[in-house]
Every structure is written in C-alpha cells, then in structure tokens.
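K.L.:
take a look and give me a structure for this.
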Amino acid sequence: MRKAIVELTIEQVAAARIVQNGLFKPFADPVTAARQLAGVQAQILPAAGLALWNRVPGLTNTQFEQLLYHERALVRLWGQRHTLHVYAAGDWPLIYAAQAGRVTSWELEMLRDGWDPAACEAFITRVAQWLYEHETMGRSDLRRLTPTIDERHLSGWGGIFSVLARRGLACHAAPHGGEARMAHRLRWLPDLAWHPPPTDEANAELMRRYLAAFGPAYPADITCWRGRTQAEIKRWLAMLGDEVVKVTVAGKPAWWLRCCVEHIRDLPVLADIPPRLLGRFDPLLLGTRDRSWLVDAVGYKQVWRPAGHVEATILLAGRVAGTWRYDWRGETLHVTLRPFTPLPPAVRSQLETLAAGVAAHFAAPLGECRWEE
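P.N.:
As a prediction, this is how the structure comes out:
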C-alpha cells in the first residue's frame, strides 16, 4: 500500500526552516553553522559575521575573523551562484568538486578577446605559481607583475583569481590596506586533506545539506539557491534515493529529507520563536525563491531592493516584520529600526536588547537606537 504524502502548512514550513537554520536552537559553533547551512553568503563579510552571530550566541566579529584568517577553520570562497560564501575549511574539497569542470566567465571572456587557449592556460598557470610564491596577493600585485593585463581580468567580482578559486587553488586571505588579498591553498591550508569527491556526488551532498537547512523546498527554490538547471537538480536529488520524500505545502509538491519529516511534531509554534535582527543577505532570506512564507508583498519590496540588495530584517514570530541598519559614527555604532507596523513596548525592548548585542558583536559602544515607524 502506497504511503500517503505528508501535507504541511505554511506555518509548519516556516518553523522548520527557522529551526533548521539555527535560529531557534543555536548551532554549537560557527564551523558547524557554516557546514549545516552549506555556506554563509559573504559578499559583505560583516554580514556573514552577523549571520553566524545570530546562530552562535555571543560570537564576536573578532572571533569570526580569527576563525577565518588565523585559525583558518573557515574559508571564504566563490560558491553557489558564483557568490562569495564562508564555508567550513574542511568542506573546501566538496565545494571545489561541486563546480569542477565548469569554465568561468572570465576564461570565456579571455577566449572571446582572442586569447589562444594554450596561452590562456599558460597565463592561469603562471598566476597560480606567483600566488604560491607569495604569502598573499592582491590585484595591485598582478598589475605590477603583468602591467599589460586587461583590467576586466582584475575585476572585483573575481577575475583571474576566481578562475584559480574554481580550480581549488585560491581562497580569500585577510584584506590589507583596503585591498582584497588571495592565498594559494597549499600555503593557506597546507595540511588540508584534499580528496575531492566526484562532481555528481559532491552536488548530491549539497542537495542533502540544502534540504536539511531550507527544506521543504519547491523545485524552483532549489534551482534558485544552487544556480543550476532543473535537469541537474533532478539528477542530484535522484541520487539521494529514499533519503528524499515528496511532501505538499499548501497543496503544492515540495521535497524534504525523510529524517526531517519524522520530526514534524517537534516543531515550535511560530509565536515561540525568539525575535532576531538578521543581517543583510541572511541565509534564511536567500534559501528559497518563494518568500511568501516569510514576508508579505508590501514588505517584500522593502527588503529585496534594486541591484539584488537584501536589507537587514527584523524577524518576529517567524515573519519579517521590518528592516534595520547600523551605522558607524567614529567608534560608536548606531542602530535604526524600521518596523512595518508599530510594535508594543515589550517587543521594542527586546529589539533594543538585540541592538545592544549587535554593538557587542562589533566590540563597540551602542550609541543611539532610533525607531522609524
């Protein structure tokens, strides 16, 4: 007899995603958080630090940078959607394998510019060798070593360094003098075990982690998060076999891990989820294409801004209830809170306490905590 498909409400889906994101019960540490979330977007590095602070209580920005640049338990790489993410350092072989064999836009551009394929490959190899010979390198170093290089290949979006990252050879090091710096893997993490799995196996593992963090998910959610085709997503999901089950969310088919479905009764009600001040580009907001479970149409336009910018948000009872921002005035951090509707005094007090927590994360005194309602 065929087992009935589990039917889920939007409220259950919201609770599941929030719990799985470490926003109800926190993760043990930042490395675990990065692994469980399959990376934390880090185009804006302080935003990645705030994402981890929301999931690992008490984490400071100094501790975050210590893990990234000194202990090197975290690593900053281009990953899904060709955006910078912070990953657990031990996951670097996995992230490399998931993208192995894919030609970057910069390589294609070099060929369109008339580069001979052999010359293109020789140049990439030469830059990799330079990177290995230096502790770190920035774009200014490449300009000095190759003064004739086209500026497009020094783009802030990656350029030649993103080619090396795609090949598993480079990651971001600590910036210096306001310039982004890169390091060779063999110098940055010389003891890292490098045994990348086959590409399809790597992507199947990313599907497993995605569903564990953001499921249940519609097919369009998965393709949006991963930045790959529906055919590829279907193939990788199929590789997970019985680990994946079909459920319905408000009557629409979605996918989730069987082990997660078994814990539906353990989910909290949304009213019991603590308030959060999520930073810009928080993973919770990037995990799905359909965001109606999180914010209404009016609020959506205030959160997802032109040019792909995603504002910092106020999360109340499992829903986005406003936006917020912080600004520096000298050494003091000031916070502005913009709820979509007026909030009761008790909730305002909770959010002001969280604002003080943001200041503590940055080891700064909190100046003004201003409300715009």
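K.L.:
can you tell me the SS state at the closest residue to Val269 other than its chain neighbours?
P.N.:
Closest residue to Val269 apart from its sequence neighbours, by Cβ to Cβ, 6 or more residues apart in numbering: Ala15 at 7.2 Å. Every C-beta, even on glycine, is put in place using the N, C-alpha and C of the backbone. Under DSSP: H, G, I helix; E, B strand; the rest coil, Ala15 falls in the helix class.
K.L.:
for the residue nearest to Gly138 when sequence neighbours are not counted, grab the count of nearby residues.
P.N.:
Distances taken as Cβ to Cβ, 6+ apart place Glu179 nearest to Gly138, at 4.3 Å, with adjacent residues excluded. Counted with other Cβ atoms under 10 Å, residues neighbouring Glu179 total 12.
K.L.:
ok, Trp123 to Gly114 distance?
P.N.:
You called it Trp, but residue 123 is Phe. To Gly114, Phe123 is 13 Å away according to Cβ to Cβ, to the nearest Å.
K.L.:
also Leu94?
P.N.:
36 Å.
K.L.:
of these two, which one has the most company?
P.N.:
Ranked by neighbour count (other Cβ under 10 Å), Leu94 and Gly114 place Leu94 first, with 21 against 7.
K.L.:
what pLDDT does that one get?
P.N.:
We have a pLDDT of 98 for Leu94.
K.L.:
that one touches Pro196, doesn't it?
P.N.:
Yes - contact criterion Cβ atoms under 8 Å: Leu94 and Pro196 qualify, at 7.3 Å.
K.L.:
which neighbours do those two have in common?
P.N.:
Residues touching both Leu94 and Pro196 (Cβ atoms under 8 Å, 6 or more residues apart in numbering) are Ala202.
K.L.:
quick one: the strands in this structure, in order.
P.N.:
Applying DSSP state E to the chain gives strands spanning 6-8, 40-41, 74-78, 84-88, 170-176, 179-184, 244-249, 252-257, 276-278, 312-316, 319-329, 332-339, 366-371.
K.L.:
any chance of those in JSON lines, plus mean pLDDT?
P.N.:
Listed next are the strands of the chain as JSON lines, based on pLDDT from 0 to 100:
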{"stretch": "strand 6-8", "mean pLDDT": "94"}
{"stretch": "strand 40-41", "mean pLDDT": "98"}
{"stretch": "strand 74-78", "mean pLDDT": "98"}
{"stretch": "strand 84-88", "mean pLDDT": "98"}
{"stretch": "strand 170-176", "mean pLDDT": "96"}
{"stretch": "strand 179-184", "mean pLDDT": "95"}
{"stretch": "strand 244-249", "mean pLDDT": "96"}
{"stretch": "strand 252-257", "mean pLDDT": "96"}
{"stretch": "strand 276-278", "mean pLDDT": "99"}
{"stretch": "strand 312-316", "mean pLDDT": "99"}
{"stretch": "strand 319-329", "mean pLDDT": "98"}
{"stretch": "strand 332-339", "mean pLDDT": "98"}
{"stretch": "strand 366-371", "mean pLDDT": "97"}
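K.L.:
isn't Thr341 up against Ala321?
P.N.:
Yes - in this structure, Thr341 is within contact of Ala321 by Cβ under 8 Å, at 7.5 Å.
K.L.:
what is the neighbour count of Glu11?
P.N.:
The local packing of Glu11 (other Cβ under 10 Å) involves 13 other residues.
K.L.:
can you pull the pLDDT of it?
P.N.:
Reported pLDDT at Glu11 in the predicted model: 97.
K.L.:
same deal with the one 4 residues further on?
P.N.:
We have a pLDDT of 98 for Ala15.
K.L.:
check contacts around it.
P.N.:
Residues near Ala15 by Cβ under 8 Å, 6+ apart: 24, 267-270, 273, 318.
K.L.:
over to Ala220?
P.N.:
Residues in contact with Ala220 (Cβ under 8 Å, 6+ apart) are 289-290.
K.L.:
ok, now how distant is it from Val310?
P.N.:
Relative to Val310, Ala220 is positioned 18 Å away (Cβ to Cβ).
K.L.:
list the buried residues for the lowest-mean-pLDDT helix or strand in the chain?
P.N.:
None of the helices or strands of the chain scores lower by mean pLDDT, DSSP states H and E than helix 105-112, at a mean of 81. Buried residues in helix 105-112, defined by neighbour count with 16 or more other Cβ atoms under 10 Å: 106-107, 110.
K.L.:
quick one on the thing from earlier: which of the contacts of Ala15 lies closest to Arg280?
P.N.:
Of all the contacts of Ala15, Gly318 has the smallest distance to Arg280: 19.7 Å, by Cβ to Cβ.
K.L.:
Ala16 is in contact with the closest one, correct?
P.N.:
No - the criterion here is Cβ under 8 Å, and Gly318 misses it with Ala16 at 10.3 Å.
K.L.:
rewinding a little: can you name every helix or strand that the least confident helix or strand of the chain contacts?
P.N.:
Contact here means 3 or more Cβ pairs under 8 Å, 6 or more residues apart in numbering; DSSP states H and E; on that basis helix 105-112 packs against helix 117-133, helix 159-166.
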